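Novice: One predicted model, sequence on top.
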Amino acid sequence: MSKPQVESVNLAELFSKNESYKVPPYQREYAWKEEQINALLEDLGSFVRSDDPYYILGQVIIAPDSGARVTGSTFLVVDGQQRLTSAYMLCAALFAQFQAFGISYSAASEEASAMAAIRGVLFRRDLQDGSERQRFNATREADGWLGKIVNQEPLNEIASNTSQDNLSQNFANLSSWTRNNLITVDLLVEYTNSLLFNVYLVTATLHSEEQALEIFEKLNSRGMPLNSAELLKGLLFMNAPREKYETISKDWLEAAESVFKVRPHKAASMGYLMQAMLQPITGSFVSSAGVYKAWQGKLRDGTIADPAKFSKEIISAAANLAKIGASTTNDHNQNLVAARHFGVVQHLPSVLEATKFQSSKNYQLTAEFIDARVAISLFAEEGANSLNAQFWALSKAITSIGNSTEVDELYAVLGMESKEFDNLVAAARPRFMQLRYTNARDKKRMRFALASAASFVESSASNHGADTTVEALLKTTSRAGKTTPKQGYDLDHIFPQVLALSSTFDSTWGADWVHSIGNLCLLHPTDNRTASASSPELKSSDYASSKLLLTKSLALPGNLSSLNGRLGSTMLGLQAQGAQNVESWFYEKAIAQSEFYFDVFTSSLRQKLGLQ
């Protein structure tokens with residue numbers, strides 16, 4: 001068998017000339033989700049802001065397509081289709097941002113050159129007829145949708161397979177990130193040039209499609225090779241007595257099995273666990289690449305005095321991390337609702353350090369604090385580097401919290417100041433007002449904000465219940481069986497979507513506001529008895545019968561006449577805070593309701609951060 005040609009190429013070099021790429025039919029579906037896309041954006045963003053000369057995106061194996069019209073013009077992607085498809089969509093999102101700034105790729109300027117380079121990635125010139133063609137073709141299930149994305153055509157509302165669904169949601173997230181972060185031409189040009197010319201792939205080019213099939217089978221059937229975690233184990237325990245090393249290796253394997261259960265998958269590795277265990281020791285950020293060197297220092301200074309004892313600490317930490325990062329609710333993660341809902345990982349090491357508390361109260365308050373910190377960071381679009389730095393310092397601070405620490409002292413150690421929170425709230429407000437139901441990423445945030453606000457109102461009114469926790473309110477409508485009633489909550493449009501399409505709709509303010517958070521509420525299926533196309537005022541009785549006070553506040557006063565005592569006082573308080581009812585519901589009321597929701601939502605976070 002001929003040797004493959006192995007080389008490192010940047011994205012601009014890979015997607016150049018008249019070559020194109022396609023994913024062969026034997027490949028699996030496009031499987032990346034929000035978790036992987038967010039990780040990619042975080043890594044690329046950190047690289048662009050750093051002084052590093054290059055970033056390695058990963059390995060790609062390609063082979064000539066024997067069925068191509070022109071020999072050597074098309075290559076099959078044997079390995080690496082997930083990252084290539086995602087990078088290609090990121091380029092499409094960047095191209096759209098150039099267009100949004102009104103830049104022409106045919107002009108003579110730095111920004112025009114960057115835009116032309118992106119366009120060259122997306123399209124190639126056909127050698128036979130001179131037409132422009134899509135340069136990268138995805139899986140058979142996904143390619144039609146990828147073509148629509150690249151050519152800026154609308155996608156169908158309903159995806160017919162997993163690949164299409166993942167493509168549409170991931171492109172929405174990539175586009176949203178691009179719009180919210182590359183807000184000036186200079187930032188856009190800098191990011192684009194870094195992506196195209198400083199992000200590299202290691203490519204192995206095979207000589208035939210037969211070789212490609214053989215390599216593909218091996219890649220998908222062989223066992224796990226020696227990885228970075230195994231190398232780290234060797235480093236940590238290289239001085240352990242020979243007679244103890246076998247026991248240590250078993251401990252390491254047991255820890256690895258626990259860590260494998262952690263979600264998101266990004267944190268499901270021994271490398272991540274060892275990075276997390278560094279956090280309370282150093283208090284300052286250590287990259288995944290720097291974990292080896294950092295632990296070498298701890299070996300020298302005596303931090304690991306007894307390797308056998310340390311391996312037991314690793315088992316314990318892995319077991320706790322698995323509970324914190326479990327996909328189901330337990331005593332370790334019950335107050336980590338935002339972190340689990342959004343699939344973040346930055347919080348995990350700080351919560352892991354808090355598991356050392358013998359006081360359950362201090363642990364739960366700390367977990368709740370950390371979760372609220374995650375939530376406000378997400379809504380404020382705080383940079384990943386900034387949040388990482390906050391949590392590394394927080395892990396160090398948590399080491400000083402004892403079991404007898406009082407609540408006020410606890411919050412003082414955790415260290416969130418009102419001014420810092422207010423700055424994040426100020427950054428989050430305009431982004432909150434721009435959330436739209438039609439964007440999958442935004443819809444997830446809207447549901448969380450409404451669930452948090454509704455739960456906070458119930459708690460403030462001492463109207464506690466198992467079905468009024470944030471987690472319970474996040475559950476979407478489902479039916480477990482024929483005789484089991486529907487559970488969960490729907491996001492209900494107060495002003496129905498269908499009415500915005502009617503000829504009588506007043507389009508003075510456009511129709512976009514219909515999908516804003518202020519035009520939504522949480523509604524249980526048993527509350528929702530009126531047709532969804534009914535006008536807001538006709539829904540008043542449904543809102544009045546809702547289990548949730550936040551939803552009740554939308555009802556007309558006449559439908560709430562039976563409220564008295566504590567619940568009546570709560571309703572008056574919500575109205576004083578800015579809650580709107582459905583009388584003459586339209587644009588102005590929906591915008592006012594958005595502001596009201598934001599204030600209640602951030603009040604709920606303020607309380608969990610110990611600032612009230």
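Specialist: Perfect, thanks for sending it.

Novice: Excluding sequence neighbours, find me the nearest residue to residue 282.
Specialist: residue 294 (6.7 Å; Cβ to Cβ, 6 or more residues apart in numbering). (C-beta placed from N, C-alpha, C; glycine too.)

Novice: show me the contacts for the one you found.
Specialist: Contacts for residue 294 (Cβ atoms under 8 Å, 6 or more residues apart in numbering) come out as 278, 282, 286.

Novice: any idea which of the residues you listed has the most stuff around it?
Specialist: residue 278 (23 neighbours; other Cβ atoms under 10 Å).

Novice: isn't that residue right up against residue 293?
Specialist: No: in this structure, residue 278 is not within contact of residue 293 by Cβ atoms under 8 Å, at 10.7 Å.

Novice: Can you tell me which of the contacts of residue 294 comes closest to residue 120?
Specialist: residue 286 (38.3 Å; Cβ to Cβ).

Novice: And the pLDDT at the residue nearest to that closest one when sequence neighbours are not counted?
Specialist: Leaving aside its sequence neighbours, residue 286 sits nearest to residue 294 (Cβ to Cβ, 6+ apart; 4.8 Å). We note a pLDDT of 86 for residue 294 in this prediction.

Novice: quick one: residue 294 from residue 587, how far?
Specialist: Distance, residue 294 to residue 587, by Cβ to Cβ, to the nearest Å: 55 Å.

Novice: contact partners of stretch 41-49?
Specialist: With Cβ under 8 Å, 6+ apart as the test, stretch 41-49 has contacts from 55, 174, 177, 181, 190-191, 194-195, 198-199, 383-385.

Novice: For residue 306, the count of nearby residues, please.
Specialist: Residue 306: 11 neighbours (other Cβ under 10 Å).

Novice: any idea how far it is from residue 240?
Specialist: Taken as Cβ to Cβ, the span from residue 306 to residue 240 is 9 Å.

Novice: where exactly do the strands run in the stretch 401-550 of the chain?
Specialist: 490-493, 520-523 (DSSP state E, counting those that start in this stretch).

Novice: Mean neighbour count, distance to residue 247 and mean pLDDT for those strands - can I get that in TSV?
Specialist: Shown next, in TSV, are the strands of the stretch 401-550 of the chain (neighbours: other Cβ atoms under 10 Å; distance: least, Cβ to Cβ, whole Å; pLDDT from 0 to 100):
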stretch	mean neighbour count	distance to residue 247	mean pLDDT
strand 490-493	19	53	92
strand 520-523	25	53	94
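
Novice: Including distance to residue 46, could these go into CSV?
Specialist: Converted to CSV, these look like this (distance: least, Cβ to Cβ, whole Å):
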stretch, distance to residue 46
strand 490-493, 34
strand 520-523, 34
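
Novice: Between those, which one is closest to residue 401.
Specialist: Checked against Cβ to Cβ, the stretch from the strands of the stretch 401-550 of the chain lying closest is strand 520-523, at 35.4 Å.

Novice: about what we covered before: take the contacts of residue 294 and write them to TSV, including pLDDT and distance to residue 162.
Specialist: Converted to TSV, the contacts of residue 294 look like this (pLDDT from 0 to 100; distance: Cβ to Cβ, whole Å):
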residue	pLDDT	distance to residue 162
278	92	37
282	91	41
286	86	36
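
Novice: next one: phi and psi at residue 375?
Specialist: The phi/psi pair for residue 375 (degrees, to the nearest 10) reads phi -60, psi -50.

Novice: And the pLDDT for the nearest residue to it once chain neighbours are set aside?
Specialist: Excluding its sequence neighbours, the residue lying closest to residue 375 (Cβ to Cβ, 6+ apart) is residue 338, at 4.0 Å. At residue 338, the pLDDT value in this model is 97.

Novice: Give the buried residues for whichever strand or helix holds residue 338.
Specialist: Following DSSP states H and E, one finds residue 338 within helix 337-342. For helix 337-342, burial by neighbour count (16 or more other Cβ atoms under 10 Å) applies to 337-342.

Novice: Also stretch 588-604?
Specialist: For stretch 588-604, by 16+ other Cβ under 10 Å, it's 589-591, 593-598, 600-604.

Novice: Any chance you could list what contacts it?
Specialist: Under the criterion Cβ under 8 Å, 6+ apart, residues 376, 425, 428-429, 432-433, 449-450, 452-453, 455-457, 494-495, 513-514, 516-519, 550, 577-580, 612 lie in contact with stretch 588-604.

Novice: PyMOL command to pick out the buried ones of these?
Specialist: Buried residues within these, by 16+ other Cβ under 10 Å, are selected in PyMOL with:
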select buried, resi 376+425+428+429+432+449+450+452+453+455+456+457+494+495+513+514+516+517+518+519+550+579+580
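
Novice: mind listing which of the contacts of stretch 588-604 are in helices?
Specialist: Members of the contacts of stretch 588-604 lying in helices (criterion: DSSP state H): 376, 425, 428-429, 432-433, 449-450, 452-453, 455-457, 550, 577.

Novice: re the thing from before, nearest to residue 477, of the strands of the stretch 401-550 of the chain?
Specialist: Residue 477 lies closest to strand 490-493 among the strands of the stretch 401-550 of the chain, at 5.3 Å (Cβ to Cβ).

Novice: Given that closest one, what are its sheet partners and their directions?
Specialist: strand 520-523 (antiparallel) (DSSP bridges).

Novice: where's the strand it pairs with relative to the chain centroid, distance-wise?
Specialist: In terms of Cα atoms, centre = their mean, to the nearest Å, the gap separating the centre of strand 520-523 from the centre of its chain is 23 Å.
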